[in-house]
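Enquirer: sequence and predicted structure are below.
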Amino acid sequence: MDLQLAGKVALITGSSRGIGLATAKALAAEGCRLMLSARSAEPLAAAAAALRTSGVDVAAHPADVSKPEEAAGLVQAAVTAFGGIDVLINNVGGGGGARIADSTDDDWRSALERNLIQTVRMMRRYGRNAGYPTSPVQTRTCSFPASGSSVALASAQGQTLFARARREVGSSHSGPTCPG
Ligand SMILES: NC(=O)c1ccc[n+]([C@@H]2O[C@H](COP(=O)([O-])OP(=O)(O)OC[C@H]3O[C@@H](n4cnc5c(N)ncnc54)[C@H](OP(=O)(O)O)[C@@H]3O)[C@@H](O)[C@H]2O)c1
């Protein structure tokens with residue numbers, strides 16, 4: 001498939017394994033240059049090294065995107081390594097949490113931080129550094145728990161709707177990807 005992404009710089013959060021790494025490989029197959037990131041440095045470096053041996057132009061920067069200063073450092077690292085960012089994949093997030101009757105305000109704050117606020121933060125940083133180029137992609141691998149946690153579902157839905165904020169970010173390719 002040619003998604004017209006050859007040469008574009010893609011920053012993928014949570015890309016040392018799982019869906020984030022699979023997304024990185026798919027973008028590499030499209031000819032993207034990659035900035036990988038995750039909290040643990042060692043598996044992150046191993047993932048980057050494996051891609052590099054296949055000829056992919058890849059950099060890696062360890063960061064916890066739940067921490068504002070580390071999220072900012074990640075965006076800056078991508079700009080320093082590649083001169084800018086064209087594609088932002090907000091893959092970090094997660095389900096879990098209590099059911100409504102058992103949940104506390106802290107459960108809701110924590111789910112909103114994990115699924116919505118860190119995405120908003122990355123998007124703000126990305127927008128400031130990228131100046132909202134004409135064709136950025138911003139997406140999120142969102143969770144749709146079939147049962148159990150309304151806390152996780154509501155926070156992921158907020159993130160999904162935020163990813164549709166195409167007009168404000170000047171993107172025709174902003175949206176959610178929902179694998180589950
Ligand atoms: N698996 C599914 O069936 C499924 C279905 C629907 C949606 N999703 C969503 O898709 C996303 C990825 O799922 P997955 O199954 O691929 O997860 P995974 O295999 O557990 O991988 C998560 C990745 O994110 C990194 N990470 C976690 N927290 C982070 C943080 N605060 N800051 C930076 N990096 C962080 C992890 O590395 P470190 O631990 O080293 O940081 C790892 O690279 C999640 O948002 C999940 O909710 C998954």
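Expert: Thanks, I have it. Numbering: from 1, shown residues only.

Enquirer: contacts and neighbour counts: CA atoms only from here.
Expert: Fine.

Enquirer: what ranges does the protein have for its strands?
Expert: Here the chain has its strands, by DSSP state E, at 9-12, 33-36, 58-60, 87-90, 137-140, 173-174.

Enquirer: let's have those in JSON lines, adding distance to residue 72.
Expert: As requested, those are exported to JSON lines (distance: least, CA to CA, whole Å):
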{"stretch": "strand 9-12", "distance to residue 72": "13"}
{"stretch": "strand 33-36", "distance to residue 72": "14"}
{"stretch": "strand 58-60", "distance to residue 72": "15"}
{"stretch": "strand 87-90", "distance to residue 72": "13"}
{"stretch": "strand 137-140", "distance to residue 72": "17"}
{"stretch": "strand 173-174", "distance to residue 72": "21"}
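
Enquirer: by mean pLDDT, show me the worst of those.
Expert: Among the strands of the chain, strand 137-140 carries the lowest mean pLDDT, a mean of 55.

Enquirer: still on that earlier bit, switch the strands of the chain over to a markdown table; also include distance to the ligand and mean neighbour count.
Expert: As requested, these are exported to a markdown table (distance: least, CA to the nearest ligand atom, whole Å; neighbours: other CA atoms under 10 Å):
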| stretch | distance to the ligand | mean neighbour count |
| --- | --- | --- |
| strand 9-12 | 9 | 28 |
| strand 33-36 | 9 | 27 |
| strand 58-60 | 12 | 23 |
| strand 87-90 | 8 | 26 |
| strand 137-140 | 7 | 26 |
| strand 173-174 | 17 | 20 |
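
Enquirer: pick out the residue closest to the middle of this protein.
Expert: residue 90 (1.6 Å; CA atoms, centre = their mean).

Enquirer: tell me the bridge partners for residue 34.
Expert: Applying DSSP bridges to residue 34 gives these bridge partners: residue 10, residue 58.

Enquirer: my guess is it meets residue 52, correct?
Expert: No - taking contacts as CA atoms under 8 Å, residue 34 lies outside contact range of residue 52: 10.0 Å.

Enquirer: which neighbours do these two share?
Expert: Common contacts of residue 34 and residue 52 (CA atoms under 8 Å, 6 or more residues apart in numbering): residue 58.

Enquirer: before we move on, back to that, so for residue 122, which of the strands of the chain sits nearest?
Expert: Taking CA to CA as the criterion, strand 87-90 is the member of the strands of the chain that comes nearest to residue 122, at 7.7 Å.

Enquirer: lowest-pLDDT helix or strand in this protein?
Expert: Sorted by mean pLDDT, DSSP states H and E, the helices and strands of the chain end with strand 137-140, the least confident at a mean of 55.

Enquirer: residue ranges with poor pLDDT in the protein?
Expert: Judged by pLDDT under 70, the chain has its weakly predicted residues at 95-97, 127-149, 163-180.
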